[in-house]
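Asker: I would like the atomic coordinates for the input below:
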Amino acid sequence: MSLKKYIRDIQDFPKEGIVFKDITPLLIDPKARKECLELLVSSVKDKKIDKVIGAESRGFFFGMLLAEELNAGFVPVRKPNKLPFETISASYDLEYGTDSLEIHTDAIQKGDRVLIHDDVLATGGTAKAVCELVEKLGGVIVQCNFLMELTFLNGREKIAGNEIFAAINY
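Answerer: Numbering: from 1, shown residues only. Down below sits the predicted model:
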């Protein structure tokens with residue numbers, strides 16, 4: 001099964017000139033969703049994972065499923081002021097400015113083996129910020145895991161040194 005046929009291109013979203021990769025058709029189809037999950041899990045099946053991080057918000061979909069399949073804890077990484085407990089944050093660059101992500105200070109323990117999951121690796125800013133959060137808390141990054149990678153944006157460069165897996169490449 002080609003998972004690419006379940007990714008819909010949306011022109012000029014969220015702004016003109018952007019081609020947004022919509023994963024909704026993949027989420028709707030149980031067979032495609034299951035195949036995608038199996039592919040994501042297969043990339044780490046022989047590795048010990050203590051925690052799976054899902055980056056807000058589309059990283060939550062498969063992040064939670066990965067945690068379940070790997071018998072690991074799930075950790076949401078969110079935009080500022082969305083988590084109720086004590087947090088640390090990391091900033092990253094956007095095309096027009098900066099943004100930041102937060103994690104609970106008790107979510108990762110020193111030495112925890114962490115799988116970082118997000119829906120897309122594009123410019124790498126979000127992934128780099130999540131890696132920084134894991135490292136600040138003493139976690140060990142096992143893999144940065146993505147539903148898809150937009151290779152032409154060279155996001156891998158920002159998280160070089162980490163194992164990277166993407167189920168779909170563009």
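Asker: mind listing the residues bridging to the most centrally placed residue in the chain?
Answerer: Nearest to the centroid of the C-alpha atoms of the chain, with distances taken as Cα atoms, centre = their mean, sits Asp118, at 1.5 Å. Each beta-bridge partner of Asp118 is listed here, defined by DSSP bridges: Phe146.
Asker: how about Ser100?
Answerer: Beta-bridge partners of Ser100, as defined by DSSP bridges: Ser91.
Asker: is it true that it touches Ile88?
Answerer: No: contact criterion Cβ atoms under 8 Å: Ser100 and Ile88 do not qualify, at 10.2 Å. C-beta coordinates here come from the backbone N, C-alpha and C atoms, glycine included.
Asker: returning to what we had before: surely the residue nearest to the centre of the chain meets Ala55?
Answerer: Yes: Asp118 sits in contact with Ala55 when judged by Cβ under 8 Å, with a separation of 4.1 Å.
Asker: shared neighbours, the two?
Answerer: With Cβ atoms under 8 Å, 6 or more residues apart in numbering applied, the overlap between the contact sets of Asp118 and Ala55 consists of Gly63, Thr126, Ala127, Val130.
Asker: select only the buried ones of those in PyMOL?
Answerer: Selection command for PyMOL covering only the buried members of those, criterion 16 or more other Cβ atoms under 10 Å:
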select buried, resi 63+126+127+130
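Asker: which parts of this structure are helices?
Answerer: 24-28, 30-42, 59-69, 125-136 (DSSP state H).
Asker: adding mean pLDDT, write these out as TSV.
Answerer: What follows is the helices of the chain, written out as TSV (pLDDT from 0 to 100):
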stretch	mean pLDDT
helix 24-28	98
helix 30-42	98
helix 59-69	98
helix 125-136	97
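Asker: pipe those into a markdown table and attach distance to Lys158 per row.
Answerer: Compiled in a markdown table, the helices of the chain are given as follows (distance: least, Cβ to Cβ, whole Å):
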| stretch | distance to Lys158 |
| --- | --- |
| helix 24-28 | 25 |
| helix 30-42 | 21 |
| helix 59-69 | 16 |
| helix 125-136 | 4 |
